[in-house]
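1. Using only what follows, build the 3D model:
(2 chains)
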Amino acid sequence: MKRRIILCLAFTAMATLVKAQHPFTIEGQLAADKQGFVILDYYKQQKYIRDSATVTNGKFKFSGTYFDPIYATLDLNHTQGYVAPEKVVPADMVKFFIDGNLTVTSKSGFTSAVVKGGKTQADYFKRDALFKPLNAQLSTLSEQMRPLYKDKNTEAMKPIQGKIAELVKQSQQIDSAFIRQNPDSYVSFDIWRSKHTRGYAKPEWRAEFERFSKRIRQTEEGKLMGEKIARSEKLVSGQTAPMFTLEDLSGKKVSLSDFKGKNVLLVFWNRYFVPFETFALYMRRTEKRLKDKNTVIVGISYDDDATWRTSAAENFPEWVNLTAGPDHVSATEMGATGVAYGVYSGSHLPAAYLIGPDGKFLSDRINLNDNELGTKLEKLIK
Amino acid sequence: MRKNIALIILLQLAAAGLYAQTTKIPDFPDTGEEISSYPAVEWLKGTPVTGLDPDKTYIVELWATWCVPCIAAMPHISEMNQKFKDKGIVFIAQDVMEYDREKVVNFVKAKTELANLNVAFAGPQNNEFEQRWVKAAGISGIPQTFIIQGNKLLWQTTPYMLNDKVLQLLADHKFTISAAKALNGIKE
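-> From the prediction side, this is the model:
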């Protein structure tokens, strides 16, 4: 299926806590000759949700519940399965925010539909309008690009790629300005948040986060982000490392306090990130350098029990090997210890901290992807 | 003690050669550790380097015909080679991560930037260089640079960190990683 390339951000949804839900409805009236079915796609509390309804004489209706405003799409007569290239038709879709009761009206299909209802959708409409001239330019450039791409004419593609890069830059500027000018908009927050979900939360995010209105900071996603930033502020050099008690390979309970008087290199890991081999090599080198220097390496594994036992024995037999254990149930539920150390999902692995003999961090989070890791840690330990 | 460890590693290296497919490859030396041999590679240009002379400094530059930043760094490498080749510094442009020998040979013939460098092709898949240097050093991307002096690995870095001042430190046997970083404006 060929979809129009448009300048648009991926609004990814993250987990929210179980809190009050609000009802929403979507009432649609397309051209009276539209029949078939419509698909509604969105993420709610990190769960992907797909709902569908029949379209009779252009009419359809959805209802549901939501926590924070939701970025969603409607897709008319979505093509399923294989479609011969000559029969491909552009998708008839519309993107919008669910925030209360919405109406979707159009004299034809979704491509030209107007979605109304709720403050968030009004804001999204405003932002969308700012992008219209850019999208128009982009689709012209895409058309110019197509034959060149087919002919592999890389030289002729270069100036067009340059213009596209310029448009991308402009789109980022538009979004930055939109965020600044609309601190009480969930759309602003969602754009900002989508750029701050990968990687670890950082204390430096505080200033930008505080620019959003109290109402926005009090949404479920807002509260979650606020907590992450607050936690990140406690995970820096000089702060006391959060306490934990976890089981080792023999089932014995081991606490951080057991290592008082020693340096602790605390490593959160599993066997399945890439490149594991490089990580393991750097850790072996580090281990060699820190040997007999009043330092223990404590590994907290996020593997299942069998994988943990095998990979710990194979790769890090000298470590104090602990398991995140029953506390950690999936790649997105990292358990209390992981969360306390800012490890919110499997994509944060591996992560590491260096804790001094007094139980305080000797540095901010350690960058493990560094072939000079051992030398750097050697300088930091007490 | 460290020498002994290095000797053991070397013995393991030798053994690994015999059982390359089945034995675990020993780790590539860490900074400061001994490294006194160069894997068997095919020399396409310049003087073949087999044993590593303890009186010399070697700068091994990993590259491939598909690696745009590697090629972009070549004129700079070549220029430094011209300036420092008489000061005991040997530059090696080591092709890695590709197996089409003919493609590499033709590329080397055509590229004037490579003209005055020692250029080597690592060989077919799972070649010795790939096994003992690239994989064993945990390298997943290029460009990448190894600096070896006095049969010790001094630094595993990138060509961007090399400049005349850093090279002069090497020529004067005054090199430290901290000093080289400072010359690149990086504070430790």
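2. C-alpha only now, for contacts and for neighbours.
-> Noted.
3. Spatially, what comes nearest to residue B:73 if we skip its sequence neighbours?
-> Leaving aside its chain neighbours, residue B:73 sits nearest to residue B:159 (6.7 Å; criterion: C-alpha to C-alpha, 6 or more residues apart in numbering or on different chains).
4. domain parsing for chain A?
-> The domain map for chain A lists A:22-179, A:186-233, A:245-380, with the assignment taken from automatic domain parsing.
5. would you list these in JSON lines and tack on mean neighbour count?
-> JSON lines is the format used below for the domains of chain A (neighbours: other C-alpha atoms under 10 Å in any protein chain shown):
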{"stretch": "domain A:22-179", "mean neighbour count": "16"}
{"stretch": "domain A:186-233", "mean neighbour count": "18"}
{"stretch": "domain A:245-380", "mean neighbour count": "18"}
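6. ok, the closest residue to residue A:179 other than its chain neighbours - contacts?
-> Nearest in space to residue A:179, with sequence neighbours left out and distances taken as C-alpha to C-alpha, 6+ apart, is residue A:188 at 4.7 Å. Residue A:188 makes contact with A:175, A:178-179, A:182, according to C-alpha atoms under 8 Å, 6 or more residues apart in numbering or on different chains.
7. how close does the residue in the stretch 101-250 of chain A that chain B sits nearest to sit to residue A:211?
-> Closest residue of the stretch 101-250 of chain A to chain B, C-alpha to the nearest C-alpha: residue A:154 (14.6 Å). Per C-alpha to C-alpha, to the nearest Å, residue A:154 is found 44 Å from residue A:211.
8. who's in contact with the residue nearest to residue B:73?
-> Residue B:159 sits in contact with B:61, B:73, B:77, B:143-145, where contact means C-alpha under 8 Å, 6+ apart.
9. Could you list the low-pLDDT ranges of the chain?
-> I went with chain A, as the question did not name one. A:1-19, A:327-329 (pLDDT under 70).
10. Chain B, not that one
-> For chain B, the stretches flagged by pLDDT under 70 are B:1-23.
11. Show me which residues of it are close to chain A?
-> Contact residues, chain B versus chain A (C-alpha under 8 Å from any C-alpha of the partner chain): B:27, B:30-31, B:137-140, B:156.
12. now that we have those, which one has the most neighbours?
-> residue B:30 (25 neighbours; other C-alpha atoms under 10 Å in any protein chain shown).
13. which SS class is it?
-> Under DSSP: H, G, I helix; E, B strand; the rest coil, residue B:30 falls in the coil class.
14. Could you measure from the closest residue to residue A:34 other than its chain neighbours over to residue A:294?
-> Leaving aside its sequence neighbours, residue A:34 sits nearest to residue A:58 (C-alpha to C-alpha, 6+ apart; 4.6 Å). Using C-alpha to C-alpha, we find residue A:58 at a distance of 74 Å from residue A:294.
15. now the residue of the stretch 101-250 of chain A closest to chain B, nearest residue through space, not along the chain?
-> Residue A:154 sits nearest to residue A:148 (C-alpha to C-alpha, 6+ apart), 7.4 Å away.
16. secondary structure class for the one you found?
-> Reduced to three states by three-state DSSP, residue A:148 is helix.
17. Residue A:156 is in contact with that one, correct?
-> Yes. Residue A:148 is within contact range of residue A:156, at 7.0 Å (criterion: C-alpha atoms under 8 Å).
18. How about the contacts made by the residue in chain B positioned nearest to chain A?
-> Residue of chain B nearest chain A, by C-alpha to the nearest C-alpha: residue B:138 (4.3 Å). Residue B:138 makes contacts with A:277-279, A:281, as judged by C-alpha under 8 Å, 6+ apart.
19. how about the helices in the chain?
-> All of this is about chain A. Using DSSP state H, the helices of chain A run over A:119-150, A:154-181, A:186-194, A:205-210, A:214-217, A:220-233, A:276-290, A:305-315, A:335-340, A:373-380.
20. my bad, the chain I had in mind was chain B
-> Shown for chain B, the helices assigned by DSSP H span residues B:2-18, B:68-84, B:101-110, B:128-129, B:164-171, B:177-183.
21. Pick the most deeply packed of those helices.
-> Of all these, helix B:128-129 has the most neighbours on average by mean count of other C-alpha atoms under 10 Å in any protein chain shown, namely a mean of 20.
22. what's that helix in contact with?
-> Residues outside helix B:128-129 that contact it (C-alpha under 8 Å, 6+ apart): B:17, B:39-41, B:122.
23. Now, these that are in strands?
-> Applying DSSP state E to these, no entry is found in strands.
24. In CSV, list those residues along with distance to residue A:360.
-> Formatted as CSV, the contacts of helix B:128-129 follow (distance: C-alpha to C-alpha, whole Å):
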residue, distance to residue A:360
B:17, 46
B:39, 45
B:40, 49
B:41, 50
B:122, 48
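25. Go through the residues you listed and name the one nearest residue A:239.
-> Using C-alpha to C-alpha, residue B:39 comes nearest to residue A:239 of the contacts of helix B:128-129, at 47.7 Å.
26. Just give the closest residue to that closest one, not the sequence neighbours.
-> Distances taken as C-alpha to C-alpha, 6+ apart put residue B:129 closest to residue B:39, at 5.4 Å, once the chain neighbours are dropped.
27. ok so, going back, can you tell me which of the helices of chain A is nearest to residue B:99?
-> Among these, the nearest to residue B:99 by C-alpha to C-alpha is helix A:276-290 (22.4 Å).
28. what does chain A put close to chain B?
-> Residues of chain A lying close to chain B (C-alpha under 8 Å from any C-alpha) are A:275, A:277-279, A:281, A:285, A:371-372.
29. Can you tell me which residue is spatially central in chain B?
-> residue B:60 (2.2 Å; C-alpha atoms, centre = their mean).
30. does that one really touch residue B:95, like I thought?
-> No. Using C-alpha under 8 Å, residue B:60 makes no contact with residue B:95, being 10.1 Å away.
31. Strands of the stretch 1-150 of chain A, start to end?
-> Per DSSP state E, counting those that start in this stretch, the stretch 1-150 of chain A carries strands over the ranges A:22-29, A:36-44, A:47-55, A:59-66, A:70-76, A:92-98, A:101-105, A:114-116.
32. Distance of residue A:300 relative to residue A:357?
-> According to C-alpha to C-alpha, residue A:300 and residue A:357 sit 19 Å apart.
33. Just give the closest residue to the residue of the stretch 151-300 of chain A found nearest chain B, not the sequence neighbours.
-> Of all residues in the stretch 151-300 of chain A, residue A:278 sits closest to chain B, at 4.3 Å by C-alpha to the nearest C-alpha. If the residues on either side of it in the chain are set aside, residue A:278 comes closest to residue B:138, at 4.3 Å by C-alpha to C-alpha, 6+ apart.
34. and residue 61, bridged to which residues?
-> Using chain A here. residue A:27 (DSSP bridges).
35. that's the other chain; I wanted chain B
-> Applying DSSP bridges to residue B:61, the residues it is bridged with are residue B:93, residue B:145.
36. so what's it up against?
-> B:91-94, B:143-146, B:159.
37. Which two of those residues have the greatest separation?
-> Largest pairwise distance in those, by C-alpha to C-alpha, is 14.3 Å, between B:91 and B:143.
38. Just want to know which of those two has more residues nearby.
-> residue B:91 (25 against 21).
39. I'd like to know how far the more buried one sits from residue B:103.
-> With distances taken as C-alpha to C-alpha, residue B:91 is found 22 Å from residue B:103.
40. Residue A:275 and residue B:135: what is the separation?
-> 11 Å.
41. My error: substitute residue B:118 in the last question.
-> 22 Å.
42. likewise residue A:235?
-> Taken as C-alpha to C-alpha, the span from residue A:235 to residue B:135 is 34 Å.
43. JSON lines for the helices of chain B, including distance to residue A:137?
-> Below are the helices of chain B laid out as JSON lines (distance: least, C-alpha to C-alpha, whole Å):
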{"stretch": "helix B:2-18", "distance to residue A:137": "59"}
{"stretch": "helix B:68-84", "distance to residue A:137": "30"}
{"stretch": "helix B:101-110", "distance to residue A:137": "39"}
{"stretch": "helix B:128-129", "distance to residue A:137": "49"}
{"stretch": "helix B:164-171", "distance to residue A:137": "46"}
{"stretch": "helix B:177-183", "distance to residue A:137": "44"}
